[in-house]
Structures are given as structure tokens and as C-alpha cells.
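>>> here you go, sequence then predicted model.
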Amino acid sequence: MISPFFLDWQCERLGSSPQKALEKLAAFQLTALNKTLAHAKLNSRFYKNHLKGVKDIPNFDAFEQIPFTLDQDIRGKSSWFLAVSQDEISRIVTLETSGTTAPPKRLFFTDSDLEVTIDFFSRVLSHLTCPGERGLILLPGNTPASAGDLLKTALARIKVVGIVPGIIHDFDETLDLLFTHTPTLVIGLPVQVLGLGELIHQGHHPLNFVRHIILTSDSVVPAVKQRVEKSFDCPVFDHYGMTETGFGGGIDCFAHGGYHLRETDLYFEIIDPDTGRTLPDGRWGEIVVTTLNRRGMPLIRYRTGDISRFINEPCPCGSPFRRMDYIHCRLSHIFVLPNGKHLCLSDLDELLFKIPGVMDFDVSLGPGLGAAFKLEILIKTHDKEIIRPGEIEAVLSRTPFLRPSLDSGALEIGSIQTAVFEFKDTYQGKRRIMGLC
């Protein structure tokens, strides 16, 4: 049997054996949802109005009748969501939307809100590190309670030293850190860790001390995970989370078959993004999340915009809890072409990252000349001479998900250029198709 990853943590919190875990979890979540509703209605200016007429819910079907919380509800009026006094807030995170004039979104956290995230991180990281080891956290960490700082605190609790230089700006400096501190764990942004691994591999710098990699803060296609795993010669884990979930949301286990979720801290649903109806397990739809017992800024049925599904089959690790599939894409990153076909960044990721030497790429969609839209791509590689634009165009032209749109005139392939990969140019948020976002 594969090492149990979340089995002990979730069952321990529920005070349950694995055999009765799901029954205990359902009761736990229903109680927590009612507490969250009561707390939000009483203390949050937004939810006093939003939940008007909502009473205690007797079951999950009744919960599904509660209106959604939307991204635009929070933007510009984040303080309306506060459910404690400002004095109790210890961390405020401001999220800007790149390329738009939309108001910023602010998320508020109390010490107790952050504590459950730290506990989640420490439980996960205890399976990947041993006391006395070091972990290299290639994420922002200068601000107290930032993602990097929370991970460092979590590592300290299990007697592991967290080194937080921030995101990668310079390869040589990061390489020096690796050989100086010899971390057994590396955590970072997918494209940055891919670039790091590729350059290490090209320079023949064996890192036999790194035993585990965690990729976070953006969706990861299998092609990226496979290349990172090959470069570092160690298992690669995919973490799902967002600021709205308190940074941590879920992570895959050693079976690498989808995310094990923080179901005692967060309640997840999958809905049809068009109708808003809850979908059965196995159906792809939009993730909706509700925070459980969060005091500072509870979120109730918050539509994340991420597309995934619940997996029907039990995990080989032995966990009784359900899993969520890896993120396929974001709704805001899906473009419907005139012929009805969809264009999604994750599809291009899976295609282009399979090509040896591609370490990152920028893609934009704009008005075409002989077609409705034109796709333009800038490929980033360690040596731009090793990739020929004509070969990239040939691969795109033969791709089944693009071929119908190219043939119908809904899409045309524009310029394909190459550039040398630079860490300073990597996008630090969620990668997206430019031009029409």
C-alpha cells in the first residue's frame, strides 16, 4: 500500500476511525456550515443582507439553495465581509487583477484563521521532510503571514529549517543556495521550478539531496510535472490553493491521483458554471468553496472560477476521503471561438511543454486577418537556436483541438518567435492567454 498521506490527519481531527470517517465528516461539515452561516449573518455587513431569510440548514441539499458569493462581490467592498473587529485582523492580502481596471480584492485573516493553514502545511510537510533537514521555499516570504512565511513557520514546527529567498530572479544565486543549504524539499512556482531544473540538468549539476518537489500557485499540466520529476529525479507534488482558501486547499499524495482536500477546514462543491446546479462526482465543473469556522472573513459558496471534478474511485493510499482532480483551467481563461470550439491555456501547456527545450511561453489572441482570431506565441528556452518556429507551427497545425478552428477560419496561427528564458520575466501569478482577458 502507498504511504497514507492524509488519512491520519483528517481522521485525527474528526476523532474517527477510517471506517467511519465519511459519516463523521458529513456531520462535522454540516455543523460547521451552520456555525459559519450564523457567524457571517450576525457580524458581516455583506452577509447580513446576502443571507437574509436563510436559517439553519438541515442538510447539504438545503445549503445548495444559498446564493453564491462572487469575485465582484468582494472587489471594492472587501471590508463589508469582515466578521470581526479590525483590531483582530493580523493579515490583509490585496489582490490586483492584471490587465484590468477592476478594484482590488482584499482578504482578511485573524491569527486563528492562519493557524489552521499552518497546521495543514505542517501535517503535509511532515510526510516529506525529517527533523533537522532544510526546505527551500521559492515563494514571496518577506511579509509576515505571506505564503512563504507560513510555510517557514509550518516547517519550524516539525523542526525543519525553512529558507525563504523569494521567487527566483537569478539562476546562479539559487544554485548557490541549493548547494550551500542542500535542502531535501523545494517548493516553488511551476514554470520557475521547471526552468531551474532544466538549467541544472543542462549544466550537469546533480542535486541528489533534493528528495521532494512541491509545485504551487498555478495549475500544472502533466507534461510540466514529468519534466520537473526527470530533471530533479524525485517525486513532484501538486498543491492547490488560493488566498481565498487561506493559501492551502489540497495536495496530491504519493499515488499522484488528484488532490486530498482540507475538508475539515473547507467545504467544496462542483457546479455547472452555466446553471449553478451542483454536479455529481465525475462531472467537470466550477469549484465552489465555503470556509468552515473562519472568523475574520468567512466566504460562503464562493465561486473560484477553477474547473475540476470529484473523483469517484478511492485513492490507492487508503484514504477514505474523496479527491478532487487536478485543475483543468480557469473559466476566465477559456475563449469560445466563432465555430463554438474552446481555446484554453492548459491545452496549449500540455502541447508545448512536451517539446524539449520549451521552458515557458507567452501566448496572445488578437484579431486575425484571414480568420476571426490570430494566435501568436513567444517560446522561451535556454537556447533559442534549438527550437525552430516552423516546427512549433507544424505541431500546432496537426493538433486535434486546434485543427477544426484552423480549417474553419475561426483561428489562424500568427507569428511564433523564440527568446532566451529569463527568471525575471516569468509571470508571478496565474499564467493566462493575453489579449482578451
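Nice, thanks for sending it over. Numbers count the residues shown, from 1 in each chain.
>>> show me the shaky parts of the stretch 151-300 of the chain.
For the stretch 151-300 of the chain, no stretch has pLDDT under 70.
>>> do that again at 90, thanks
The stretch 151-300 of the chain contains residues with pLDDT under 90 at 201-207, 217-219, 293.
>>> over to the stretch 301-437 of the chain?
Applying pLDDT under 90 to the stretch 301-437 of the chain flags the ranges 312, 314, 317-320, 329-347, 356, 364-373, 382-412, 424-437.
>>> and the strands in it?
Along the stretch 301-437 of the chain, counting by DSSP state E, counting those that start in this stretch, strands occupy 302-308, 310-311, 323-324, 329-330, 334-336, 342-344, 358-367, 373-381, 411-420.
>>> closest to residue 230 out of those?
Checking the strands of the stretch 301-437 of the chain against residue 230 by CB to CB gives strand 358-367 as the closest, at 13.6 Å. To be clear about C-beta, it is placed using only N, CA and C from the backbone, and glycine gets the same treatment.
>>> ok, how many other residues are close to the residue lying closest to residue 131 once chain neighbours are set aside?
Distances taken as CB to CB, 6 or more residues apart in numbering place residue 159 nearest to residue 131, at 3.8 Å, with adjacent residues excluded. Residues near residue 159, counting by other CB atoms under 10 Å, number 12.
>>> likewise for the one 10 residues further on?
Residues near residue 169, counting by other CB under 10 Å, number 13.
>>> ditto for residue 358
Neighbour tally, residue 358, other CB under 10 Å: 24.
>>> and for residue 129?
Other residues near residue 129 come to 22 when the count uses other CB under 10 Å.
>>> what helix or strand does it sit in?
Using DSSP states H and E, residue 129 sits within no helix or strand.
>>> chain neighbours aside, what residue packs nearest to it?
Nearest residue to residue 129, sequence neighbours excluded (CB to CB, 6+ apart): residue 160, at 4.7 Å.
>>> is the residue nearest to residue 131 in contact with residue 135, as I believe?
No: taking contacts as CB atoms under 8 Å, residue 159 lies outside contact range of residue 135: 11.5 Å.
>>> and the helices in the stretch 1-150 of the chain?
Using DSSP state H, counting those that start in this stretch, the helices of the stretch 1-150 of the chain run over 7-14, 21-43, 45-50, 60-63, 71-74, 111-125, 147-157.
>>> run through who's touching the first one.
Okay, so that is helix 7-14. For helix 7-14, the surrounding residues in contact (CB atoms under 8 Å, 6 or more residues apart in numbering) are 17-18, 21, 24-25, 28, 123, 263-264, 317-321.
>>> residue ranges of the helices in the stretch 151-300 of the chain, please?
Using DSSP H, counting those that start in this stretch, helices in the stretch 151-300 of the chain cover 171-181, 190-202, 222-232.
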